[in-house]
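K.L.:
Got a predicted structure here, sequence first:
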Amino acid sequence: MKVSDLLKTYRKDHALTQWEMAAKLDINRCLYNQIENGKKSISSRTIQKIAKLLNLKPNYVVEMLKGE
């Protein structure tokens, strides 16, 4: 599964908007949209935030990104 798909699934499962997800990750909504749509690279800081939010190890998120 791609990180973008994982984020979208998490967001929908928790009935969150992109604005709310961006706020949870402490990033701009526009950046979140680009990440969720697979159009933007993810910084290591954002990888850490995604891992924490999704309760994953950062290395796991990095491995998922390598597969995209």
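P.N.:
In hand now; what should we look at? Since this is a predicted model, take the numbers as computed values, not measurements.
K.L.:
any idea how far residue 50 is from residue 13?
P.N.:
The gap separating residue 50 from residue 13 is 15 Å, by CB to CB, to the nearest Å. To be clear about C-beta, it is placed using only N, CA and C from the backbone, and glycine gets the same treatment.
K.L.:
So which of these two has more stuff around it?
P.N.:
Ranked by neighbour count (other CB atoms under 10 Å), residue 50 and residue 13 place residue 50 first, with 24 against 8.
K.L.:
In this structure the more buried one contacts residue 11, no?
P.N.:
No. Residue 50 is beyond contact range of residue 11, at 11.6 Å (criterion: CB atoms under 8 Å).
K.L.:
Can you find the helix or strand of the chain with the lowest average pLDDT?
P.N.:
Within the chain, no helix or strand scores below helix 58-66, which has a mean of 90 by mean pLDDT, DSSP states H and E.
K.L.:
same for it, what does it pack against?
P.N.:
helix 3-13, helix 44-54 (3 or more CB pairs under 8 Å, 6 or more residues apart in numbering; DSSP states H and E).
K.L.:
how about those helices, which one is nearest residue 20?
P.N.:
helix 3-13 (7.9 Å; CB to CB).
K.L.:
For the closest one, name the packing helices and strands.
P.N.:
Counting by 3+ CB pairs under 8 Å, 6+ apart, helix 3-13 packs on helix 18-25, helix 29-36, helix 44-54, helix 58-66.
K.L.:
Now render those helices as CSV, adding distance to residue 5.
P.N.:
Shown next, in CSV, are the helices and strands packed on helix 3-13 (distance: least, CB to CB, whole Å):
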stretch, distance to residue 5
helix 18-25, 14
helix 29-36, 9
helix 44-54, 12
helix 58-66, 9
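K.L.:
which residues make contact with the least confident helix or strand of the chain from outside it?
P.N.:
Identification of contacts with helix 58-66 by CB atoms under 8 Å, 6 or more residues apart in numbering yields 1, 2, 3, 6, 42, 47, 48, 50, 51, 54.
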